[in-house]
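In: kindly return the folded structure for what I paste below:
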Amino acid sequence: MNTGQGLKISSYQRPVNLIDIVKRDDQAGSKEKAPRASFKEMFSKELAGSRNVVFSKHAQERLFSRDIKLSEESLNRIADAIDKAQTKGARETLILSDEAALIVSVKNRTVITAFDRDNLRQGVVTSIDSAVIL
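Out: Next up, the predicted model:
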């Protein structure tokens, strides 16, 4: 490994140079040093930036009207589910979690609509090519 180049992680959507992040933090020159983030925290933060999950206006309205609340952990699990669907070549997927059922455009990483469990039992889901169960 060439230490002058830093450690690059390029298997995700954008390369991340963690060495430069640490150097940038060191050069900030603040008189009071904030506690330094661990490698795991920095890695998770950079990784999450490339794994955004977007909610369409329609999906936001459905979440609100059906009082569906998604925790940070749920959002991470949804991002993982989108990643899995993407590796299998899915385009439109149904993600089933404890909180909700979501129809997601995998290419755009966009939640198109959301159902609570009761609404899902009463209907038929069409125009999907895959399902991921969390």
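
In: in the lengthiest helix in the chain, what's buried?
Out: Using DSSP state H to assign secondary structure, the helix with the most residues in the chain is helix 72-87. The neighbour-count check on helix 72-87 (16 or more other Cβ atoms under 10 Å) flags 74, 77, 78, 79, 81, 82, 84, 85 as buried. The C-beta positions use only the backbone N, C-alpha and C, and glycine is treated the same way.

In: that helix: what's the following helix or strand?
Out: With elements assigned by DSSP states H and E, the helix or strand that comes after helix 72-87 is strand 92-96.

In: and the angle from the longest helix of the chain to strand 92-96?
Out: Using axes from the mean of the first three to the mean of the last three Cα atoms, to 10 degrees, the interaxial angle of helix 72-87 with respect to strand 92-96 works out to 140 degrees.

In: and helix 72-87, what does it pack against?
Out: If contacts are counted by 3 or more Cβ pairs under 8 Å, 6 or more residues apart in numbering; DSSP states H and E, helix 72-87 sits against strand 92-96, strand 101-105, strand 130-133.

In: of the buried residues of helix 72-87, which is the nearest to residue 60?
Out: Nearest to residue 60 out of the buried residues of helix 72-87 is residue 78 (Cβ to Cβ; 14.2 Å).

In: quick check: closest non-adjacent residue to the closest one.
Out: Distances taken as Cβ to Cβ, 6 or more residues apart in numbering put residue 53 closest to residue 78, at 5.5 Å, once the chain neighbours are dropped.

In: what is the neighbour count of that neighbour?
Out: 18 (other Cβ atoms under 10 Å).

In: I'd say it and residue 77 touch.
Out: No - using Cβ atoms under 8 Å, residue 53 makes no contact with residue 77, being 10.2 Å away.

In: who touches both of the two?
Out: Overlap of the contact sets of residue 53 and residue 77 (by Cβ atoms under 8 Å, 6 or more residues apart in numbering) is empty.
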